[in-house]
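In: have a look; sequence and predicted model below, questions after that.
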Amino acid sequence: MKIAVIGSTHAGTAAVTNMANLYPEADITVYERNDNVSFLSCGLALYVGGVVNDAKGLFYSSPEQLQKLGVTMKMQHDVKEIDPVRKTIAAINLITGEQIYDHYDKLVITTGSWPVTPPIEGIDLENILLAKNYHQANTIIERSQHAQKVTVVGAGYIGVELVEAFEKAGKEVTLIDGADRILNKYLDEEFTNIVEEEFKTRNITLCMNETVKRFEGNEGHVNKVITNEGAYETDLVIMCVGFRPNTDLLKGKIDMLANGAIKVDEFMQTSDPSIYAAGDCCAVKYNPTGGHTYIPLATNAVRMGTLVARNLMEPTMKHVGTQGTSGLHIYGLNMASTGLTETSAKLTGIHVKSVTIEDTHRPAFMPTSENVKLKVAIDPQTRCILGAQVISKADVTQSINTMSVCIQTGMTIDELAYTDFFFQPHFNQPWNFLNKAGLEAQSNEPVPIPQPLG
Ligand SMILES: Cc1cc2nc3c(=O)[nH]c(=O)nc-3n(C[C@H](O)[C@H](O)[C@H](O)COP(=O)(O)OP(=O)(O)OC[C@H]3O[C@@H](n4cnc5c(N)ncnc54)[C@H](O)[C@@H]3O)c2cc1C
């Protein structure tokens, strides 16, 4: 059995390590255009901000480690063509320029995603950078040493994390986004307002509802960002406006969503039975709507990559889908969300009812306690939980993982009201705030504040 794998970051590394263990007799070859595997982009802002100093910690595998498992590693090899009929691939060795050809019995596509670069005038100027891989992280660090004014375009979680990193490094930071508020895909307004306040008190220039029209430069270096509203001087720009799946190799050859995300079944098999796919190059089943959508996250990538290995020879283990659960830590605020927000529900055309709970994370008799804001979205007809968001200076983000399970298992808000959660004054209240959301949903009256138990 000859297995070819294209791409080895999270989905690829998960697939390869598991396949090497499960099928020791298989001949596995990995094609990776980069010179490293398994870079944890989630640590990029921490690395840029100097919180993580040793870059080695941002990798959990290496070409040598995978080779020790018996895998042939073709590093710095760019796959240029796939012929699904002949089951062949053509690649270029990026060091020697040599063309190589290979064939496969099974092909694993883990080619991931690439940052979107809109066709904006001046986007090719020096010091307009992308933030995805290890080399880009190092370029950002190197260039930011000579930059005082930094502009981040895109206020998703990556842009927002970079804003904090640059501000903490003493830079003058401008954040531009065409949406009316930051993090609008992950959290509702009453949550993002809290984060925006933190930004404003630190003199970060927030340019919401603004679209970049062009970049201007001097001697090839960017020095101004022009939006529909104004002009901002800058020494460095980081583009963080989203990702697109890296799937041009298979366009028209297997089924994809309109944005190019590969459609896989619950066993990670594509519309071509010999081709499996996982990670950012794929669409995922989104449980809150039941549809397929594009949610590029490392969590989805490692699960899907592992499932490719388990299902490659025969269908054994189904993917349970995802809620797109994610978390974020900005200026001491801990936030997380899962499933639908009110905003995303509206955009999807789904009617939800929301319950919001404001509480302290532990009893008042404790020397300190922090406010918690929790919002749960439910289907008003079935009362099933469809989404939840939390924010607090206390780290209560694991509650959102609990809510993710509730969505996945189809739990109703009424069942949540009486679900058994532990109480211990260091951590929480006798009525957990998740219970309280359930109680609140059952009542039009505010839930009475229960007295702490002894
Ligand atoms: C700054 C940043 C922060 C993030 N933070 C988080 C986080 O906190 N939590 C979270 O869950 N997710 C986070 N993510 C998302 C996460 O990094 C991605 O979901 C994850 O990297 C996807 O893994 P993947 O293996 O599917 O794809 P990718 O990481 O995109 O890897 C694809 C690989 O395929 C290779 N490749 C592509 N085409 C070819 C070809 N033709 N030939 C050879 N090789 C090829 C590429 O070189 C690459 O190594 C973050 C992303 C970024 C950029």
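Out: Looks like it arrived, so ask away.

In: only C-alpha atoms for contact and neighbour calcs from this point on.
Out: Fine.

In: shaky segments in the chain?
Out: By pLDDT under 70, the low-scoring segments of the chain are 444-454.

In: which bits of it sit near the ligand?
Out: 6-12, 31-34, 41-42, 44, 77-80, 110-113, 131-132, 158, 279-280, 296-299, 301 (Cα under 6 Å from any ligand atom).

In: these in strands, which ones?
Out: Residues of those located in strands (DSSP state E): I6, Y31, E32, H77, D78, V79, K80, S113.

In: helix/strand/coil for E164?
Out: helix (DSSP: H, G, I helix; E, B strand; the rest coil).

In: my guess is A131 meets V241, correct?
Out: No: A131 is beyond contact range of V241, at 10.2 Å (criterion: Cα atoms under 8 Å).

In: shared neighbours of those two, anything?
Out: P115 (Cα atoms under 8 Å, 6 or more residues apart in numbering).

In: now the residue of the stretch 51-200 of the chain found nearest the ligand: how far from V5?
Out: As assessed by Cα to the nearest ligand atom, the ligand sits closest to G112 within the stretch 51-200 of the chain, at 3.1 Å. Distance, G112 to V5, by Cα to Cα, to the nearest Å: 12 Å.

In: what do you get for F422?
Out: Applying Cα to Cα, the value for F422 to V5 is 45 Å.

In: for the residue nearest the centre of the chain, which non-adjacent residue is spatially closest?
Out: Geometric centre of the chain, nearest residue: L297, 3.4 Å, by Cα atoms, centre = their mean. The shortest distance from L297 to any residue other than its chain neighbours is 6.9 Å, reached at D280 (Cα to Cα, 6 or more residues apart in numbering).

In: return the distance of stretch 95-113 from the chain's centre.
Out: In this view, stretch 95-113 has its centroid 26 Å away from the chain centroid, taken as Cα atoms, centre = their mean, to the nearest Å.

In: and stretch 258-273, by the same measure?
Out: Worked out by Cα atoms, centre = their mean, stretch 258-273 lies 19 Å from the chain centre.

In: just the residues contacting it, thanks.
Out: The contact list for stretch 258-273 (Cα under 8 Å, 6+ apart) reads 84, 244-248, 251, 254-257, 275-278, 280-284, 294, 304, 307-308, 311, 315-320.

In: what are the buried residues along that stretch?
Out: For stretch 258-273, the neighbour count (16 or more other Cα atoms under 10 Å) marks G260, A261, I262, K263, V264, D265, E266, F267, M268, Q269, T270, S271 as buried.

In: got it, and stretch 137-156?
Out: For stretch 137-156, a neighbour-count test (16+ other Cα under 10 Å) marks 137-138, 140-141, 144, 148-156 as buried.

In: farthest-apart pair in these, please.
Out: Q148 and G156 (22.4 Å; Cα to Cα).

In: distance check, the residue nearest to E233 when sequence neighbours are not counted against E216.
Out: Counting by Cα to Cα, 6+ apart, E233 lies nearest to K224, which is 4.4 Å off, once chain neighbours are set aside. As judged by Cα to Cα, K224 and E216 stand 5 Å apart.

In: cool, F39 as well?
Out: Look at F39 and E216: by Cα to Cα, they are 33 Å apart.

In: those two - which one has more neighbours?
Out: F39 (22 against 18; other Cα atoms under 10 Å).

In: residues in contact with that one?
Out: Counting by Cα under 8 Å, 6+ apart, F39 touches T9, H10, L58, F59, Y60, N133, Y134.

In: one more: K80?
Out: Going by Cα under 8 Å, 6+ apart, the list of residues near K80 reads I89, A90, A91, I92, L249.

In: buried only: go through these for me.
Out: By 16+ other Cα under 10 Å, those give I89, A90, A91, I92 as buried.

In: these into TSV, with extra columns for secondary structure?
Out: Output for the buried ones among the contacts of K80, formatted as TSV (three-state DSSP):
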residue	secondary structure
I89	strand
A90	strand
A91	strand
I92	strand
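
In: strands of the stretch 1-150 of the chain, start to end?
Out: With DSSP state E, counting those that start in this stretch, the ranges of strands along the stretch 1-150 of the chain come out as 2-6, 27-32, 72-75, 77-83, 88-93, 99-103, 106-109, 113-115, 128-130, 149-153.

In: to E189, which of the ones you listed lies closest?
Out: When the strands of the stretch 1-150 of the chain are compared (using Cα to Cα), the closest one is strand 149-153, at 19.7 Å.

In: name the surrounding residues that touch the closest one.
Out: With contact meaning Cα under 8 Å, 6+ apart, strand 149-153 is reached by 144, 159, 162-163, 166, 171-177, 233-241.

In: in helices, which of those appear?
Out: Of the positions in those, S144, G159, L162, V163, F166 sit in helices, assigned by DSSP state H.

In: not counting sequence-adjacent ones, nearest residue to the second one?
Out: This points to G159. C240 (5.6 Å).

In: these two touch, right, that neighbour and L162?
Out: No: contact criterion Cα under 8 Å: C240 and L162 do not qualify, at 9.4 Å.

In: picking up where we left off before, what is the nearest of the contacts of F39 to K436?
Out: K436 lies nearest to H10 out of these, by Cα to Cα, at 37.6 Å.

In: quick one: the nearest residue to Y134 once chain neighbours are set aside from H10, how far?
Out: Distances taken as Cα to Cα, 6+ apart put F39 closest to Y134, at 6.5 Å, once the chain neighbours are dropped. Noted for F39: a distance of 8 Å to H10, by Cα to Cα.
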